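A.B. asks: Sharing a model that was predicted from the sequence below.
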Amino acid sequence: MATVKTTPRQKVGWGTANLVVIALALIPVLWLLSLSFKTPTAVLDPSFWPKQWTWSNYFRSTGILSTSQFIRPLLNSIGIGLIATFIAVVLASMAAYAVARLRFPGKGLLIGMALLIAMFPVISLVTPMFSIERALGLFNTWPGLIIPYVAFGLPLGIYTLSAFFREIPWELEKAAKVDGATPFQAFTKVIAPLAAPGMVTTSILVFLLCWNEFLLAISLTSTTASRTAPASIAYFSGSSQFTVPTGPIAAAAVVITIPIIIFVVFFQRRIVAGLTSGAVKG
Amino acid sequence: MSSNTEAVTVAAQGEAKVRKGRKQLSEGARAERRLGWMLCAPAVIVMIAVTAYPVGYAIWLSLERYNLELPQAIKFVGLSNYGAILSSPYWWQALKVTVIITIFSVAITLVLGMLLALLMHRTLFGRGTLRTAALIPYGIVTVAAAYGWQYAWTPGQGYLSAAFNHSAPLTSEVKAIIVIILAEIWKTTPFVALLLLAGLSLVPEDLQKAAKVDGATAWQRFIRITLPLMKPAILVALLFRTLDSFRIFDNIYILTAGNNGTGSVSNLGYDNLFNALNLGIGSAISILIFICVAIIAVLFIKGFGTAAPGTDIGKR
């Protein structure tokens, strides 16, 4: 429709609509940011911006970045997220290649299963996983969270990657096979590099999924040894037992939001492409 | 003459190629099949190990009286855990809350998502900025956003509470549920909008132009052309959002902790495991939720017919 000439009034209209959406999306985030810069007393002031700005919720002795109560869970979140994403994307790219390229019985079953797990009620896993992981010694360990995160990252990965894989120029694979490459070599030497953009996108989406996860993170952990950042915030305590640690909680919320803002700003196109390709074309 | 022989040799070569190709296919078909299974096996094993096996185990646990505080009293009790849950007002309250949140948040999200998709599709400038801004609610950690909402609605502390006459919505059942629904809508509208945006881009522009020439208003074009063509995308968004909304946990856990009858079925299951330490009842709740989700999914897929996601993925 951009081809139709636009009147100034239309411009104002679309511009206003844009601004409303951007404001609605950003205000709750800015509110968290503002809270994180308020002093403990100013937290009890409903004005949107702090009258007096302070870094004390982040740094110094009172700050979240100087306590292992938050630093350790932050490292857990990064470590668990990266490992789970890596494993999920490797396994998903193998399966997605098969789905996109190969003819084999049981493909429909695999896709149905992935769909089922994408919609699986996580709470249904919590009770049995709690019991199983305690019996296996996985409770409150990194693998205890990595394994279920891989399982929930897989459907997303398989869907997104198989959509990307269908767009790849497969003649190159044939050419490689003509040149004497085995199907496996054709996969690793020719197709994998071509598939890299899709894999980056998928990795971001899977990482966001792991980074965001909360229910399993509070259920399958009991100490900061493996508790992830979102889960740790729920266990924050105030400097005295009578104060609600609003400032530190807001600061922690801001810290775990920063990577998301970075991803979204730098990979907006990729994320949009990844989310839409997997879900609608599939 | 020479051109004739050339044609013959080309034809012969072609025939030979076809024959060779067929032979390779039958040989290759088996290898392809084996490779397909091999490539899928690790993913399948992980998915089964993490979902099917625990669900099976949960079914077994749900038939036992199993309280972690009384490990000596573990006993097979048949379906009595289910009887206890289904005759408990807490279950029905939680189910009611879950269904209400699901219906309202999904319905409103679909409408707003459609508006946002149209805006993202049609807007004249700032498209990238708009999409980046919209992705923030999608990407933000639900728990982080939930804390923001909680403080915003706390009297004497939050700007929203101050703007609404210093009200304390999180302390009353109905208002708290409204706040929870609003938080869900804020978080999930961008995702729905992106799914619908992909659907919108499949609507041919020519069709719109032709209808415009025929004198159809913008609204008529939307109802008669855009919506029907977007049906698959809408159904996918509806299915994903409904099932996702039905398992709502994070927002409620932070906003109200399920107090004043605002807990969802997921919150109820969590409380039974970690506050009551009752593995038997907790597992039975897990299974009941699983059954609810299965029923919703089956109803949707029956309703979808061929439009169900995944049905045509295999054909490609």
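C.D. replies: All right, it came through fine. This is a predicted model, so every value here is computed, not measured.
A.B. asks: pLDDT value on residue A:158, please?
C.D. replies: The predicted local confidence for residue A:158 comes out at a pLDDT of 91.
A.B. asks: count of residues packed around it?
C.D. replies: The number of residues packed around residue A:158, counting by other C-beta atoms under 10 Å in any protein chain shown, is 35. For every residue, glycine as well, the C-beta is placed using N, CA and C.
A.B. asks: surely it meets residue A:98?
C.D. replies: No: proximity of residue A:158 to residue A:98 does not meet the contact threshold set by C-beta atoms under 8 Å, at 9.5 Å.
A.B. asks: Is residue A:59 in a helix, a strand, or coil?
C.D. replies: Secondary structure of residue A:59, reduced to three states by DSSP: H, G, I helix; E, B strand; the rest coil: coil.
A.B. asks: quick one: contacts for the closest residue in space to it that isn't next to it in sequence?
C.D. replies: In space, residue A:59 comes closest to residue A:65 once its chain neighbours are excluded; the distance is 5.9 Å by C-beta to C-beta, 6 or more residues apart in numbering or on different chains. The contact partners of residue A:65, taken as C-beta atoms under 8 Å, 6 or more residues apart in numbering or on different chains, are A:58, A:59, A:71, A:255.
A.B. asks: Then residue B:138?
C.D. replies: When contacts are counted by C-beta under 8 Å, 6+ apart, residue B:138 touches B:187, B:188, B:190, B:191, B:194.
A.B. asks: Which one of these is nearest to chain A?
C.D. replies: residue B:194 (5.0 Å; C-beta to the nearest C-beta).
A.B. asks: what's the helix or strand for the closest one?
C.D. replies: Here residue B:194 is covered by helix B:173-200, with elements defined by DSSP states H and E.
A.B. asks: what packs against that helix?
C.D. replies: In this structure, helix B:173-200 makes packing contacts with helix A:8-36, helix A:268-276, helix B:89-122, helix B:127-139, helix B:142-152, helix B:231-246, helix B:250-255, judged by 3 or more C-beta pairs under 8 Å, 6 or more residues apart in numbering or on different chains; DSSP states H and E.
A.B. asks: buried set for the second one?
C.D. replies: Of the residues in helix A:268-276, A:268, A:270, A:271, A:272, A:273, A:274, A:275, A:276 count as buried by neighbour count, 16 or more other C-beta atoms under 10 Å in any protein chain shown.
A.B. asks: The second one against residue A:200, yeah?
C.D. replies: Yes: between residue A:270 and residue A:200 there is a contact at 6.7 Å, judged by C-beta under 8 Å.
A.B. asks: Contacts only, for residue 154.
C.D. replies: Looking at chain A here, since you left the chain open. Counting by C-beta under 8 Å, 6+ apart, the residues that residue A:154 touches are A:88, A:91, A:92, A:95, A:114, A:117, B:43, B:46, B:47.
A.B. asks: oops, chain B please
C.D. replies: For residue B:154, the contacting residues are B:161, B:168, B:170, by C-beta under 8 Å, 6+ apart.
A.B. asks: cool, residue A:110 as well?
C.D. replies: Counting by C-beta under 8 Å, 6+ apart, residue A:110 makes contact with A:95, A:99, A:158, B:40, B:43, B:44.
A.B. asks: helix or strand right after the helix or strand it falls within?
C.D. replies: Assignment of secondary structure by DSSP H and E places residue A:110 within helix A:107-118. The helix or strand immediately downstream of helix A:107-118 is helix A:123-136, counting by DSSP H and E.
A.B. asks: Off-centre distance for that following helix?
C.D. replies: For helix A:123-136, the distance between its averaged C-alpha position and the chain's averaged C-alpha position is 23 Å (C-alpha atoms, centre = their mean, to the nearest Å).
A.B. asks: Which pLDDT does the model give residue 182?
C.D. replies: In the absence of a named chain, chain A is used. Looking at residue A:182, its pLDDT reads 85.
A.B. asks: nope, chain B please
C.D. replies: We have a pLDDT of 95 for residue B:182.
A.B. asks: Excluding residues flanking it in the chain, which one is nearest it?
C.D. replies: Spatially, and ignoring its direct neighbours in sequence, residue B:182 is nearest to residue B:149 (7.6 Å; C-beta to C-beta, 6+ apart).
A.B. asks: Tell me how many other residues crowd that neighbour.
C.D. replies: Taking other C-beta under 10 Å as the criterion, the count of residues near residue B:149 is 24.
A.B. asks: what do you get for residue B:164?
C.D. replies: Here the neighbour count serves as a burial measure; for residue B:164 (other C-beta under 10 Å) it reads 14.
A.B. asks: Then residue B:212?
C.D. replies: Residue crowding around residue B:212 was assessed by other C-beta under 10 Å; the count is 15.
A.B. asks: quick revisit: how about the contacts of residue B:138 in JSON lines, adding neighbour count, distance to residue B:76 and pLDDT?
C.D. replies: Formatted as JSON lines, these follow (neighbours: other C-beta atoms under 10 Å in any protein chain shown; distance: C-beta to C-beta, whole Å; pLDDT from 0 to 100):
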{"residue": "B:187", "neighbour count": "22", "distance to residue B:76": "42", "pLDDT": "95"}
{"residue": "B:188", "neighbour count": "25", "distance to residue B:76": "41", "pLDDT": "94"}
{"residue": "B:190", "neighbour count": "28", "distance to residue B:76": "48", "pLDDT": "93"}
{"residue": "B:191", "neighbour count": "22", "distance to residue B:76": "43", "pLDDT": "90"}
{"residue": "B:194", "neighbour count": "27", "distance to residue B:76": "48", "pLDDT": "90"}
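A.B. asks: For residue A:181, state which of these is nearest.
C.D. replies: Closest to residue A:181 out of the contacts of residue B:138 is residue B:194 (37.4 Å), distances taken as C-beta to C-beta.
A.B. asks: Now do the contacts for that closest one.
C.D. replies: Contacts for residue B:194 were tallied using C-beta under 8 Å, 6+ apart; they are A:272, A:275, A:276, B:117, B:134, B:138.
A.B. asks: do the same with residue A:119
C.D. replies: Residues in contact with residue A:119 (C-beta under 8 Å, 6+ apart) are B:239, B:240, B:243, B:244, B:293, B:297.
A.B. asks: What residues does residue B:141 make contact with?
C.D. replies: The neighbourhood of residue B:141, defined by C-beta under 8 Å, 6+ apart, consists of A:211, A:212, A:214, A:229, A:230, A:253, A:256, A:257, A:260.
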